[in-house]
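A.B. asks: Need coordinates for the following:
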Amino acid sequence: MFHWSTQKDHWLFKGEEDLERLRAAANSAYCEKHAKAAAEKGVQMLSSAEERLLCQYFIKKLLEFCNVFEPRVPRSAVATAAAYFKRFYLNTSAMEYSPRQIFFCCVYLAFKIDEYVVSVDQFGNTITPDLRQDVVQYVLSHELLLLKRLKFHLTIHTPFRPMEGFLIDIKAHHH
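C.D. replies: Residues are numbered from 1 along each chain as shown. Reported below is the predicted structural model:
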């Protein structure tokens with residue numbers, strides 16, 4: 001399956017330099033578009049390196065969120081959410097869309113795609129009450145944007161399901 005996947009065709013890169021080039025282009029495009037408004041307000045733009053650090057911080061937050069979610073989130077759904085987040089910010093500046101909000105969108109979409117059935121209300125109940133309504137509304141209103149930025153390439157091949165199947169086979173043949 002992987003050999004014919006959009007993941008292989010569109011989301012594998014030769015090296016870190018290719019990824020940095022995409023991130024820098026997204027940062028540069030955003031900075032150019034908003035330079036005048038930022039200068040008028042005295043706002044300093046983030047560098048590409050600063051955006052990368054910000055995204056790394058929110059990847060950790062994404063993992064923490066998934067680790068406290070009940071019922072327990074399958075590893076494949078967590079990996080899918082993290083992949084969506086990383087893909088989103090390859091071509092989008094972190095100044096354009098808040099990583100704090102986008103990580104919730106990525107998690108909720110990954111739950112759906114990985115068939116980890118969670119209602120939006122159940123999803124919202126995991127978020128602190130003061131943020132719950134805003135986050136749920138943001139997730140629902142930005143789902144199509146996320147899908148477009150991911151180019152509708154939603155299948156993420158992770159090693160978790162094949163590994164679990166392998167372990168089940170070993171246990172079945174061992175007894």
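A.B. asks: Spatially central residue (nearest the centroid) of this structure, please.
C.D. replies: Phe85 (1.8 Å; C-alpha atoms, centre = their mean).
A.B. asks: tell me which element that residue is part of?
C.D. replies: helix 75-88 (DSSP states H and E).
A.B. asks: just checking, what packs against that helix?
C.D. replies: With contacts taken as 3 or more C-beta pairs under 8 Å, 6 or more residues apart in numbering; DSSP states H and E, helix 75-88 sits against helix 48-68, helix 99-113, helix 129-149, helix 160-174. Using the backbone N, CA and C atoms, a C-beta is placed for each residue, glycine as well.
A.B. asks: redo that, cut-off 7 Å
C.D. replies: Contacts defined by 3 or more C-beta pairs under 7 Å, 6 or more residues apart in numbering; DSSP states H and E place helix 75-88 against helix 48-68, helix 99-113, helix 160-174.
A.B. asks: Now do the longest one: which elements does it pack against?
C.D. replies: Contact here means 3+ C-beta pairs under 7 Å, 6+ apart; on that basis helix 48-68 packs against helix 16-41, helix 75-88, helix 99-113.
A.B. asks: relative to helix 75-88, how tilted is that helix?
C.D. replies: Note on geometry: by axes from the mean of the first three to the mean of the last three C-alpha atoms, to 10 degrees, helix 48-68 and helix 75-88 are set 160 degrees apart in direction.
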